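*Asks:* Here you go, sequence then predicted model.
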Amino acid sequence: MLKFDFHVHTCQGDHSEIKIEKAVQILKKKGFDGAVFLDHDAIPRKEKIKDFLIIYGEEVSTSEGHLVGINLKKTIKPLMSSEQTAKEIRKQGGTVILPHPYDYLRIEINRGRLNPELIDAVEVYNGRTLWPWASGKAKEFCEQNKLPEVGCSDAHFYKELGSAYTLVDADPNVKSVLKALKHGKVQAFGSYKPPIIQHFKGGFLKAYNRLFNEKL
Ligand SMILES: [Zn+2]
Ligand SMILES: [Zn+2]
């Protein structure tokens, strides 16, 4: 079994602090064998990394929400429909992953708007999910449509790495991982705990400290 994260953002895009080399060191310590590195509407530059499986991808902004394409040859034009985008990903020989579906507080494609036949796998756990019931709905969607389930951190910061993961029954090479993913030889792990509670906590503490310090 290989431990994999299919959704990690890099500092080559915006809103992420993650450098691929440092992320690989952290992920290796957490027992990971590989990861997908991607950015919003861009594919990160390839880096020379040894002893760790890396697949490059892109989180494409479609007109209906985000769609992840992995193992792509070139970037995909944003703001096409989700159907056109999925077809374009497949045309390039890529794999289509539906990220954070049913997470109503984020830019997601949900409620069967994308034909399940155009989806290769679905994130049933996303480390940044803001809607606590999203995982249950995503699992239901997978069961109804017999789609493989993955768990992904969607990390933008180092501390988020490992917050969700997928075990893949494959040999340690990219081709085998992609084949196993498409055939559902995967198991998703993550938590239902909505991170927004942690965000509120952090924001509240910061505001309280500022107020307290000003009074002094
Ligand atoms: Zn997203
Ligand atoms: Zn993302």
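*Replies:* Yep, it's here. Residues are numbered from 1 along each chain as shown. Ligands and ions are numbered 1, 2, ... in the order given.
*Asks:* Quick one: mean pLDDT over the helix or strand hosting residue 166.
*Replies:* Assessed by DSSP states H and E, residue 166 sits inside strand 165-168. Average pLDDT, strand 165-168: 98.
*Asks:* Tell me the helices and strands packed up against it.
*Replies:* strand 2-9, strand 149-152, helix 174-182, strand 186-189 (3 or more CB pairs under 8 Å, 6 or more residues apart in numbering; DSSP states H and E). Quick note: C-beta positions are derived from backbone N, CA and C, even for glycine.
*Asks:* What strands line up against the longest strand seen in the chain, and which way round?
*Replies:* Using DSSP state E to define each element, the chain has its longest strand at strand 53-62. Applying DSSP bridges, strand 53-62 is found paired with strand 34-40 (parallel), strand 65-70 (antiparallel).
*Asks:* now could you export just the CA positions of the strand holding residue 166 as CSV?
*Replies:* C-alpha atoms of strand 165-168 as CSV (Å, rounded to 0.1, in the frame of the first residue of the first chain):
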residue,chain,number,x,y,z
TYR,A,165,-4.6,10.9,2.7
THR,A,166,-5.3,8.0,0.5
LEU,A,167,-3.9,4.5,0.6
VAL,A,168,-3.3,3.2,-2.9
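*Asks:* can you offset everything so residue one is 577?
*Replies:* Noted, 577 is the first residue going forward, which turns the last one into strand 741-744.
*Asks:* Partner strands of it and their direction?
*Replies:* When DSSP bridges is applied, strand 741-744 pairs with strand 578-585 (antiparallel), strand 762-765 (antiparallel).
*Asks:* From the chain's centroid, how far away is stretch 751-768?
*Replies:* 13 Å (CA atoms, centre = their mean, to the nearest Å).
*Asks:* quick one: buried residues of that stretch?
*Replies:* Neighbour-count burial for stretch 751-768 flags 752, 753, 754, 756, 757, 761, 762, 764, 766 (criterion: 16 or more other CB atoms under 10 Å).
*Asks:* cool, and stretch 599-613?
*Replies:* 599, 600, 603, 608, 609, 610, 611, 612, 613.
*Asks:* Name the surrounding residues that touch that stretch.
*Replies:* Outside stretch 599-613, the residues within contact range by CB atoms under 8 Å, 6 or more residues apart in numbering are 578-586, 596, 620, 625, 627-633, 644, 646, 731, 734, 737-738, 741, 748, 750, 753.
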